[in-house]
Every structure is written in structure tokens, then in C-alpha cells.
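> model this:
(one chain, ligands or ions: 1)
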Amino acid sequence: MSSLIDAARKLQDQLVTWRRDLHRIPEVGLELPKTARYVAEVLRNLGLEVREGVGGHGVVAVLRGRKGPGRTFAIRADMDALPVQEETGLPFASQHPGRMHACAHDGHMAMALGAAQVLSENRHRLPGCVKFIFQPAEEGPGGAKPMIDDRCLEEPRVDAIIGLHLGNIWDLPSGTVGVKAGPMMAATDRFEITVRGKGGHGAMPHNTQDALCIAAQLVGALQTVVSRNLSPLAPAVLTVGRFHAGTAFNIIAETAHLEGTVRCLSEEIRQQIPQHMERIIRGITQAGGAQYEFSYHWGYPVLVNDPDFTAFFAQVAREVVGSERVRELDVPTMGGEDMAYYLQQVPGTFFFLASGTEEKGTKYPHHNPRFDFDEEVMWIGTALFVETAMRWLSGAVRSG
Ligand code: NI
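All right, here's what the predicted structure looks like:
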């Protein structure tokens, strides 16, 4: 077994300590001062060059190998928690009311810190740079883009990137690695529609334009964007998640407000969707004699794993955990991730490390108040990071 993998395994207790420390202090969104300070301090103590406040609240650390300058490999971790009241009853549960690490980002940080420690202890044989990118706001409004805009992928320029997610999305046995080349996670857009009609008496519809009635037709008709306007071979989903209209049982609504999400796995398809939507919205509201406002908010892009890099990564993973614990996933998920922004700029891979077991009570869904993960898999995440970084910098693959 490689000495790096062994070092990751030996770091397991430290990974658990970091994870639990971070689990106690969950912070939400773009501003996470305690979390960023904690991470920056560990990285500084390891002798890395640390830059804080990147893109607002992100942390970037650079480890320069001593075996000559070379390419730069990045490891990304997300730092934010969720506005959820924790109900796990764990001894290291959240000390912040109404906030919880219910998506395992505490684990992601700990595993990336572990990689920083193992690689810094091996910097004499590291032929290049490793950059650690700790970002806020993955759960929204998005921390990757502001960090990229603040040049987190420059100086030194990142040549390849890797990141992971713990949890149960594909229901694989704990400790199994799941990965897929090409599109693996969906673009996540949001839309809002306001229908403006003319309110009036519930008994006299002929004197009104019923916004509620028009909006109800839109809910159904918008489904034809996917079923009748896009190729059946291109996965997409359009969900109206909110519908607000009306004030009383006997009043015809003057306005109606709809809000929803659109997901798809191709940027080309994605660009077409708002036009199809607007044509339907315009036609139906005009037919009802009403007006509309339509806004389409572009969210995270489609997450696309570089095929060459992913094949290389899958090979490394087979050697780290054994072939039987590496699954090349057949199907993507319609969930989204802002890791997608880095992968638009730089080849790399985002992968899943399964961490659900019935016995340990870690099979609750992501974002559930009882969410937890199997801590025993953490050394695997660190081992995958360090082994992939070292081999890639040593020239094992020339992707990108
Ligand atoms: Ni997450």
C-alpha cells in the first residue's frame, strides 16, 4: 500500500476531531467567520500560504512541492451548513440554534484538511503545487463563482481539480466511491411568473380577468415544455413549487404568483427552455386577457466531469478502496452543485463517497435534522485526494 494511503488511514482520529469541531459551529450561506478562521488556522499551522476573504469569505491555501515547480492540482471543499435545527442527539451536535451541518460539508472540510496535512508532510517529493479551495454558500446563493471571479483558480493557475460529496444519494454501501464521466449533476435554475388580471366578484366572472384561473392553466401547460418541446432523449424537469393567488372564497383573484425550478443535463437544452416557457406564458395570459411578468434566474451550471481525468481518478480509486468499492454510475442526478463552475474552467472530477449505514443511523436523507454520516469513511476521502494529487502531479495523466 502506498505510504500516502497509509498516512491518510493513520490520520483518521484527527479527521474525526476536525469534523466534530466544525460540526459544533455550523454557519450558513456566504458569511462563515468561525468556520473560515478554523480552517485557515489549521492550514497556516501546516505551513501553507493562506489567503482569506477570497471572493468575500472563501479560504485558499497553496502548498508548493519541493520536487521542483510543476503543474497545480486543486482540492475543493464546501464549508456551509443549513438552516436546520439539529435532532441527532450527538455529543458534538450543533451549538448554533437553527443551524446544522446536515449535508456533510463538515466532513468535506475535515477530509480536505487531512489531505493538506498528508501532502505537506510529503512536500519533499511533491512535483508541483496543490491548492486547497474552501468555499462558502454551496447550498446557496453560491460560493464558487465569486471565488473564481476573485481568481482562486489563478496564481498559480489550476490545471486540474477534484471535489467530493459524502452521503446517500445513490444508496451505495458505506465506503463505496461513485463517479461518472460527463454530465453528472443538473443545472439548477429558478423562475417566477406573475399573472396580472382584473379582480372582482366571484359571482360575476364576465367582468374580470381571473389571474388564478390563468395561472392554473400555466401549471399544466408548462409541463409541455419538457414533454413536447424538448427531445425525449434529453432529460429535463420543470417543477412549479409555489402557487399563491386569491384573498377570499368569493373574490376572483387579481394576481397570481408562480415559482419553480428547472433542471437539465445539457447547456444547449438549458438555453432553449426560457424561450419555450415564455411562448406558453404569453399565449395563455393573452388568451385570458391578462398581463404577465416572467423572470428566469440562471443557477448553477450542469456539472460535467472530464472523461480522461475521471478515468484516471477511477483507476486511482480502485487501487485505494478495491475495484468492488468503486461504481461507475450509469445515471446522473437532477440535483445540482456549484462545483460545476470550477469544472467549466478546469478539467477534473466530482465524486461521491457513500456514508450511509442502517446500524450507525446514518441513512437519513441530506438536509434532514437527523442527517449524519459514517465517520469511518473519512480516511478514504483523504486518501483519494492525496493519491490522486500526487499521481497526477507526477505526470500519470495529461488531461486538459
Ligand atoms: Ni451538500
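
> okay, CA-based contacts and neighbour counts for the rest of this
Will do.

> Which parts of this structure are helices?
Here the chain has its helices, by DSSP state H, at 3-10, 12-24, 33-45, 105-121, 144-149, 211-221, 223-224, 267-287, 307-321, 339-345, 378-393.

> Low-confidence ranges, the stretch 201-350 of the chain, go.
Within the stretch 201-350 of the chain, no range satisfies pLDDT under 70.

> Could you list the low-pLDDT ranges of the stretch 1-150 of the chain?
Residues of the stretch 1-150 of the chain that meet the cut-off, pLDDT under 70, sit at 1.

> quick one, which of the helices of the chain is nearest to residue 85?
Residue 85 sits nearest to helix 12-24 of all these, at 12.4 Å, using CA to CA.

> Please state the offset of the closest one from the chain centre?
Here helix 12-24 is found 21 Å from its chain centre; the criterion is CA atoms, centre = their mean, to the nearest Å.

> Return the set of buried residues in that helix.
12, 14, 15, 16, 18, 19, 20, 21, 22, 23, 24 (16 or more other CA atoms under 10 Å).

> of these, closest to residue 44?
residue 18 (14.9 Å).

> quick one: that closest one and residue 110 touch, right?
Yes: counting by CA atoms under 8 Å, residue 18 touches residue 110, with 5.4 Å between them.

> dump the residue contacts of the nearest residue to residue 318 once chain neighbours are set aside.
Spatially, and ignoring its direct neighbours in sequence, residue 318 is nearest to residue 326 (6.0 Å; CA to CA, 6 or more residues apart in numbering). Contacts for residue 326 (CA atoms under 8 Å, 6 or more residues apart in numbering) come out as 176, 177, 178, 179, 314, 317, 318.

> The first one: what's its closest spatial neighbour, skipping adjacent residues?
Same thing as residue 176. residue 325 is the one closest to residue 176 (CA to CA, 6+ apart), at 4.6 Å.

> Could you do residue 101 as well?
Per CA to CA, 6+ apart, closest to residue 101 is residue 81, 4.5 Å.

> What's the local residue count around the one you found?
Applying other CA atoms under 10 Å, we find 27 residues neighbouring residue 81.

> pretty sure it is touching residue 29, no?
Yes: the pair residue 81 / residue 29 is scored as a contact, 7.4 Å apart, by CA under 8 Å.

> joint contacts of those two?
Counting by CA under 8 Å, 6+ apart, the residues touching both residue 81 and residue 29 are residue 139.

> you'd agree residue 235 is up against residue 265?
Yes: counting by CA under 8 Å, residue 235 touches residue 265, with 6.4 Å between them.

> Could you check which of the two has the larger neighbour count?
Neighbour comparison, residue 235 and residue 265: the larger count goes to residue 265, with 26 against 16 (by other CA under 10 Å).

> List the contacts of the closest residue to that one other than its chain neighbours.
For residue 265, ignoring the flanking residues on the chain, the nearest one in space by CA to CA, 6+ apart is residue 186 at 4.9 Å. By CA under 8 Å, 6+ apart, the residues touching residue 186 are 263-266, 301-303, 332-337.

> hmm, try it at 7 Å
Residue 186 makes contacts with 263, 264, 265, 302, 303, 333, 334, 335, 336, as judged by CA atoms under 7 Å, 6 or more residues apart in numbering.

> Same check on residue 270?
residue 264.

> just residue 219 next, same as before
residue 240.

> For residue 237, see how far away it is.
According to CA to CA, to the nearest Å, residue 219 and residue 237 sit 13 Å apart.

> Run through the bridge partners of residue 135.
Residue 135 has these beta-bridge partners by DSSP bridges: residue 78.

> and the gap between it and residue 378?
Distance from residue 135 to residue 378, by CA to CA: 19 Å.

> Could you do residue 228 as well?
Counting by CA to CA, the gap from residue 228 to residue 378 is 45 Å.

> which one of these two has more residues nearby?
For residue 228 and residue 378, the more surrounded residue by other CA under 10 Å is residue 378, and the numbers stand at 28 against 11.

> need the contact list for the residue lying closest to the more buried one once chain neighbours are set aside.
Nearest non-adjacent residue to residue 378, counting by CA to CA, 6+ apart: residue 111, 6.1 Å away. Contacts of residue 111 were listed using CA under 7 Å, 6+ apart, and they are 15, 378, 381, 382.

> and if you look at residue 200?
The contact partners of residue 200, by CA under 7 Å, 6+ apart, come to 208, 251, 252.
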